[in-house]
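Colleague: Got a sequence here, can you build the structure:
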Amino acid sequence: MTRVAVVSPEPTPYRAPLFDRIAERPDIELTVIYAAATVAGRAWNVALRHPAVVLQAPALPTRRLLHHDYPLTFGVWRELDRLRPECVVVAGWSVLASQLAMLWCRLHSIPYLLMLESHLLDPRPAAVRAVKRLAIPRFVRPAAGYLVTGTLAKRTVRAYGGDPARAHVFANTIDVANFAAAIDGRRSSARSALGFEERDVVVAYVGRFEPVKGLDTLVTATAVASSLTESAITLLVVGDGTLREQLRKQAATSGVRLVEAGFREGDDLLDCYAAADVFALLSRAEPWGVVVNEAAAAGLPLVLSERVGAAADLLRAGENGALVPVDDVDSAAAAFAALANDPALRSRYGKRSSEIARAWGYEPSIRAFTDAVAEAVAGR
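Modeller: Below you'll find the model as predicted:
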């Protein structure tokens with residue numbers, strides 16, 4: 001049995017189930033060390049069934065700079081000393097716990113695997129890019145291997161001097177088969193409960209109501225699309241955030257019918273996907289976007305911005321949706337109008353989404369994790 005420690009910023013609903021299953025394996029003794037219960041004020045309710053330690057430490061208020069807190073988790077060394085792992089899996093490099101874990105590994109000659117979800121599509125100031133080019137290769141190059149969320153994260157490995165041949169796909173994902181089965185048969189009751197009629201073409205968004213999500217572009221594009229078609233396009237938004245009131249006002253001013261479902265989990269969230277006809281995520285920055293996995297598993301056509309990390313793997317433009325430039329209202333509106341006008345196109349795209357999603361369940365990622373650990377320990 002191989003002792004493995006994972007160092008991660010916070011529990012998430014798309015990683016915890018994978019760790020739960022890995023912890024059940026007889027060949028791995030897994031413990032996950034979390035830097036905090038949350039580093040970004042998440043409202044997630046994540047049940048952990050794997051051995052875990054949640055560190056307690058004050059945090060620097062760095063959300064405006066880093067988009068998350070920076071907990072001063074010097075206790076991660078104590079936990080690693082206690083666990084004596086043969087391999088450490090480190091999630092990213094942006095929190096102190098991850099940085100200290102990689103240093104601990106270097107000092108103790110323990111191999112570490114770097115888990116990456118970031119991509120290089122987001123614009124950065126020249127100074128930030130310069131600092132990253134100097135600092136990040138120091139984390140990437142010494143790694144024994146990489147666990148990446150998909151195609152774009154693998155490119156990040158190469159860009160920072162790592163060997164992409166040692167990258168394994170450890171996805172931000174869902175239990176695709178069970179999710180799809182749970183959606184089946186819900187459409188009629190879900191649409192009725194949310195107040196939709198048969199003629200309504202529902203464009204759904206699921207996520208936080210924050211500027212980075214491009215909700216202003218989404219509302220404007222929905223308004224323009226409505227002017228291009230006689231179909232009754234309705235915007236369904238699921239979530240909450242600082243832009244809630246602004247979103248309501250913009251929708252009212254633009255003449256967009258807006259249905260707010262609030263923050264939802266479990267069966268309540270399934271109803272929203274079941275009621276939708278199209279899924280849209282027009283983020284200005286999005287390392288991955290697990291809601292895309294959910295929407296694809298639900299059999300929905302996808303309209304995604306080029307900054308959504310999941311688009312490189314889950315979207316096939318012209319097969320299951322459209323990829324649009326960030327903040328391009330006309331392109332998004334054209335995609336919405338085309339789908340609103342053509343039920344057969346929506347059906348074809350939705351079936352293709354389901355097909356693509358099937359390859360992104362839990363089992364391939366669990367195999368990737370165990371293979372990467374075995375390679376790292378063997379290479380030690």
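
Colleague: buried ones in the strand or helix carrying Glu355?
Modeller: Here Glu355 sits within helix 343-357, counting by DSSP states H and E. Buried residues in helix 343-357, counted by 16 or more other C-beta atoms under 10 Å: Arg346, Tyr349, Gly350, Arg352, Ser353, Ser354, Ile356, Ala357. Heads up, the C-betas are built off the backbone N, CA and C, glycines and all.

Colleague: Likewise for stretch 228-245?
Modeller: Residues of stretch 228-245 classed as buried by neighbour count (16+ other C-beta under 10 Å): 228-229, 231, 233-241, 243.

Colleague: now for it, what's the gap between its first and last residues?
Modeller: For stretch 228-245, the first and last residues are 27 Å from each other (C-alpha to C-alpha, to the nearest Å).

Colleague: Quick check: mean pLDDT of it?
Modeller: Throughout stretch 228-245, pLDDT has a mean value of 95.

Colleague: Check stretch 319-331 too.
Modeller: Across stretch 319-331, pLDDT averages out at 98.

Colleague: and what of stretch 144-162?
Modeller: Average pLDDT, stretch 144-162: 95.

Colleague: hey, C-alpha coordinates of that stretch in PDB?
Modeller: Output of stretch 144-162 as PDB, limited to C-alpha atoms (Å, rounded to 0.1, in the frame of the first residue of the first chain):
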ATOM      1  CA  ALA A 144       7.600  13.800 -10.800                       C
ATOM      2  CA  GLY A 145       4.500  14.100 -13.000                       C
ATOM      3  CA  TYR A 146       1.300  16.100 -13.500                       C
ATOM      4  CA  LEU A 147      -2.400  15.600 -13.000                       C
ATOM      5  CA  VAL A 148      -4.200  18.000 -15.400                       C
ATOM      6  CA  THR A 149      -7.900  18.800 -15.900                       C
ATOM      7  CA  GLY A 150      -7.700  18.600 -19.700                       C
ATOM      8  CA  THR A 151      -6.100  19.800 -22.900                       C
ATOM      9  CA  LEU A 152      -5.400  23.400 -21.900                       C
ATOM     10  CA  ALA A 153      -3.900  22.500 -18.500                       C
ATOM     11  CA  LYS A 154      -1.500  20.100 -20.300                       C
ATOM     12  CA  ARG A 155      -0.400  23.000 -22.500                       C
ATOM     13  CA  THR A 156       0.300  25.000 -19.300                       C
ATOM     14  CA  VAL A 157       2.700  22.200 -18.300                       C
ATOM     15  CA  ARG A 158       4.600  22.500 -21.500                       C
ATOM     16  CA  ALA A 159       4.600  26.300 -21.300                       C
ATOM     17  CA  TYR A 160       6.300  26.300 -17.900                       C
ATOM     18  CA  GLY A 161       9.000  23.800 -18.800                       C
ATOM     19  CA  GLY A 162       7.300  20.500 -17.800                       C
END
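
Colleague: Pass me the low-pLDDT residue ranges in the stretch 251-380 of the chain, would you?
Modeller: For the stretch 251-380 of the chain, the stretches flagged by pLDDT under 70 are 380.

Colleague: The stretch 51-200 of the chain now?
Modeller: For the stretch 51-200 of the chain, the ranges with pLDDT under 70 are 66, 127-128, 131.

Colleague: what number of residues lie near Val212?
Modeller: 14 (other C-beta atoms under 10 Å).

Colleague: what sits against it?
Modeller: By C-beta atoms under 8 Å, 6 or more residues apart in numbering, the residues touching Val212 are His67, Ser283, Arg284, Ala285, Glu286.

Colleague: Pop out the phi and psi values for the second one.
Modeller: Yep, that's Ser283 we're talking about. Backbone torsions of Ser283, given as degrees, to the nearest 10, read phi -60, psi 150.

Colleague: What distance do you get for it to Leu107?
Modeller: 38 Å (C-beta to C-beta, to the nearest Å).

Colleague: of these two, who's got more company?
Modeller: Applying other C-beta under 10 Å to Ser283 and Leu107 shows that Ser283 carries more neighbours, namely 24 against 9.

Colleague: my read: the more buried one touches Val291, true?
Modeller: No - using C-beta atoms under 8 Å, Ser283 is not in contact with Val291, being 10.0 Å away.

Colleague: Go through the contacts of Val212 and flag which are in strands.
Modeller: Nothing among the contacts of Val212 maps onto strands, per DSSP state E.

Colleague: Pick the one among those closest to Ala310.
Modeller: Comparing these against Ala310 with C-beta to C-beta places Glu286 closest, at 7.6 Å.

Colleague: what bridges to the closest one?
Modeller: For Glu286, the beta-bridge partners are Val308 (DSSP bridges).

Colleague: Ser227 is in what secondary structure piece?
Modeller: Assigned by DSSP H and E, Ser227 belongs to helix 215-228.

Colleague: starting at the chain centroid, how far to that helix?
Modeller: Here helix 215-228 shows a centroid-to-chain-centroid distance of 24 Å under the convention C-alpha atoms, centre = their mean, to the nearest Å.

Colleague: Next, Val201: secondary structure please.
Modeller: Secondary structure for Val201, judged by DSSP: H, G, I helix; E, B strand; the rest coil, is strand.

Colleague: My guess is it contacts Leu235. True?
Modeller: No - look at Val201 against Leu235 with C-beta under 8 Å: they stay out of range, at 10.2 Å.

Colleague: Which helix or strand contains Val7?
Modeller: strand 2-8.

Colleague: which helices and strands sit right next to the following helix or strand past that strand?
Modeller: The element immediately downstream of strand 2-8 (helix or strand, assigned by DSSP H and E) is helix 16-23. Secondary-structure packing of helix 16-23 (3 or more C-beta pairs under 8 Å, 6 or more residues apart in numbering; DSSP states H and E): strand 28-34, helix 362-379.

Colleague: if we go to 10 Å?
Modeller: For helix 16-23, the packing partners by 3 or more C-beta pairs under 10 Å, 6 or more residues apart in numbering; DSSP states H and E come out as strand 2-8, strand 28-34, strand 52-54, helix 362-379.

Colleague: How far off centre is the next helix-or-strand element following the third one?
Modeller: This points to strand 52-54. For strand 52-54, the following helix or strand on the C-terminal side (DSSP H and E) is strand 59-60. Here strand 59-60 shows a centroid-to-chain-centroid distance of 24 Å under the convention C-alpha atoms, centre = their mean.

Colleague: Fine by me, we can end here.
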